[in-house]
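> Just to be clear, the model below is a prediction. Sequence and coordinates:
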Amino acid sequence: MNLKKYCLIAIAALFTQIGTAQEGLPIYSDYLTDNYYLIHPSMAGVANCAKVRLTARAQWFGQDEAPNLQTLSVNSRIGDSPSAVGAIVYNDKNGYHSQTGAYFTYAHHLMFSRNEIDLNMLSFGLSAGFIQYKLDETDFLADGFDPIIAGIEQSATNFNVDVGFSYHFIDFYAHATVKNLLDNDGINFNEQGLSYNNLRTYLVSLGNTFSKYGSPFSFEPSVMFMYRDATQEASFDVNLKAYREMDFGKVWGGLSYRRSLDGAQFQDGSGVSSQKLQYFTPFVGVDYNNFVFAYTYSYQANSVVFNNGGFHQITLGFNFNCRREKFECNCPAVN
């Protein structure tokens with residue numbers, strides 16, 4: 001087995017044992033490209049249009065077996081009712097470790113507004129789905145026998161649920177979600193036979209949109225906090241997004257900064273240094289009539305990285321069954 005393959009196995013093991021390996025749909029910055037439903041089930045059907053979003057993410061261009069992710073999501077209100085449904089399918093591959101999943105969502109939106117002009121809405125969402133995990137060991141025994149390697153493609157399928165709520169008040173919004181609420185025994189085992197069955201992740205998002213009366217520009221600062229229960233890892237995103245109204249729709253873009261609150265030590269010459277994971281993610285997009293296109297680039301700004309290349313993501317979207325905009329607010333996720 002060559003050194004490159006050993007490195008890939010080590011990286012897969014790192015994601016498996018430290019990052020609660022293959023935790024379901026990975027959490028990147030794609031929610032900022034008009035795709036909050038990917039991480040918050042309560043956002044299903046919150047907009048005045050039904051939405052379809054397709055994303056493709058590729059990391060470390062030119063590197064064999066590099067991580068890649070594809071997602072397809074759709075969500076919509078059920079007629080004029082306060083209820084909504086949605087679905088997400090995805091494929092995530094990281095070296096020899098991969099997962100395929102499908103989630104189905106029900107959301108309910110409670111209006112507290114005095115009329116259709118003021119936005120005051122509380123939303124609840126529940127997603128349930130199946131995830132199939134795979135570990136391809138068929139190439140691991142090319143150099144001989146290893147008693148801890150089966151040399152086959154191992155797989156397991158598990159069921160889990162996500163729950164969350166969202167609150168929109170005029171230009172302000174807040175979201176809170178618990179992902180992977182259920183324990184899944186036997187998903188991942190290390191060499192001592194210990195099971196990583198707690199994949200719970202807690203997400204909290206806050207944001208507000210600001211604009212000057214009559215101006216075609218608006219600005220949306222937001223933050224997201226993420227906490228993984230089993231490993232007690234925490235990180236946060238600080239985001240700034242800008243919009244420009246156009247005759248054909250809207251042009252928008254922004255910058256996101258993600259930083260881990262937990263560090264890792266590494267050998268640095270004769271001493272030991274530490275670093276905390278941090279990403280800079282610029283993104284740009286355009287709404288052209290009912291079509292959406294966005295590009296996202298993530299750069300890992302650390303001293304020790306696997307590859308100096310960035311992470312590229314494309315988002316394609318389509319809005320349909322649109323109703324008239326009911327609320328007098330600067331609320332892009334709703335109007």
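That came through fine. Please read these numbers as outputs of a predicted model, since none were measured by experiment. Numbering: from 1, shown residues only.

> so how many other residues sit close to residue 215?
9 (other C-beta atoms under 10 Å). Placement of C-beta: from N, CA and C, glycine included.

> go on, the one 4 residues further on?
Residue 219 is surrounded by 15 other residues when neighbours are defined as other C-beta under 10 Å.

> Give me the sheet partners of the stretch of helix or strand residue 280 belongs to and which way each runs.
Secondary-structure assignment from DSSP states H and E places residue 280 in strand 271-288. Strand pairing for strand 271-288, determined by DSSP bridges: strand 249-268 (antiparallel), strand 291-300 (antiparallel).

> Skip the chain neighbours and tell me the closest residue to residue 44.
Closest residue to residue 44 apart from its sequence neighbours, by C-beta to C-beta, 6 or more residues apart in numbering: residue 86 at 3.6 Å.

> typo on my end, residue 217
Per C-beta to C-beta, 6+ apart, closest to residue 217 is residue 244, 5.7 Å.

> which residues sit against the helix or strand in which the one you found is found?
Under the criterion of DSSP H and E, residue 244 resides in strand 233-246. For strand 233-246, contacts defined as C-beta atoms under 8 Å, 6 or more residues apart in numbering pick out 18-19, 29, 32, 207, 216-228, 250-262, 277, 332.

> if we go to 7 Å?
Contact with strand 233-246 is made by 29, 32, 216-227, 250-262, 332, as judged by C-beta atoms under 7 Å, 6 or more residues apart in numbering.

> what about burial for those residues, which qualify?
The neighbour count (16 or more other C-beta atoms under 10 Å) marks 29, 32, 218, 220, 222, 224, 226-227, 250-254, 256, 258, 260, 332 as buried among the contacts of strand 233-246.

> circling back: so what's the residue nearest to residue 217 bridging to?
According to DSSP bridges, beta-bridge pairing links residue 244 with residue 217, residue 251.

> burial of it, as a residue count?
13.

> how near is it to residue 47?
Residue 244 sits 20 Å away from residue 47, going by C-beta to C-beta, to the nearest Å.

> Please apply the same query to residue 327.
11 Å.

> neighbour-wise, which of these two wins?
Each of residue 327 and residue 47 has its neighbours counted (other C-beta under 10 Å); residue 47 has more, 24 against 19.

> show me the contacts for residue 285.
33, 252, 253, 292, 293, 294.

> Grab the nearest non-local neighbour of it.
That would be residue 294: by C-beta to C-beta, 6+ apart, it lies 3.3 Å from residue 285.

> So what sits opposite the one you found in the bridge?
residue 285, residue 315.

> Also residue 108?
In this entry, residue 108 is beta-bridged to residue 83, residue 124, by DSSP bridges.

> surely it meets residue 83?
Yes. Between residue 108 and residue 83 there is a contact under C-beta atoms under 7 Å: 5.4 Å.

> So for the two, which sits in the more crowded spot?
residue 108 (18 against 13).

> can you tell me how far the more buried one sits from residue 237?
Residue 108 sits 27 Å away from residue 237, going by C-beta to C-beta.

> what's the answer for residue 131, then?
When residue 131 is compared with residue 237 (using C-beta to C-beta), they lie 24 Å apart.

> which of those two has more neighbours?
residue 131 (24 against 20).

> Tell me which other helices or strands the host helix or strand of the more buried one touches.
Taking DSSP H and E as the definition, residue 131 sits inside strand 120-136. With contacts taken as 3 or more C-beta pairs under 7 Å, 6 or more residues apart in numbering; DSSP states H and E, strand 120-136 sits against strand 97-111, strand 153-169.

> C-terminal to the last one, what's the next element?
Proceeding N to C from strand 153-169, the next assigned helix or strand is strand 172-179, under DSSP H and E.

> mind listing what residue 45 touches?
Residue 45 neighbours (C-beta under 7 Å, 6+ apart): 75, 76, 77, 84, 85, 86, 107, 109.

> Pull up the pairing partners for whichever strand or helix holds residue 206, direction included.
Assigned by DSSP H and E, residue 206 belongs to strand 201-208. When sheet partners are counted by DSSP bridges, strand 201-208 sits next to strand 172-179 (antiparallel), strand 217-228 (antiparallel).

> give the contact list for residue 291.
Counting by C-beta under 7 Å, 6+ apart, residue 291 makes contact with 317, 318.

> which residues of the stretch 201-335 of the chain score low on pLDDT?
265-269, 272-273, 302-309 (pLDDT under 70).

> Understood, closing this out.
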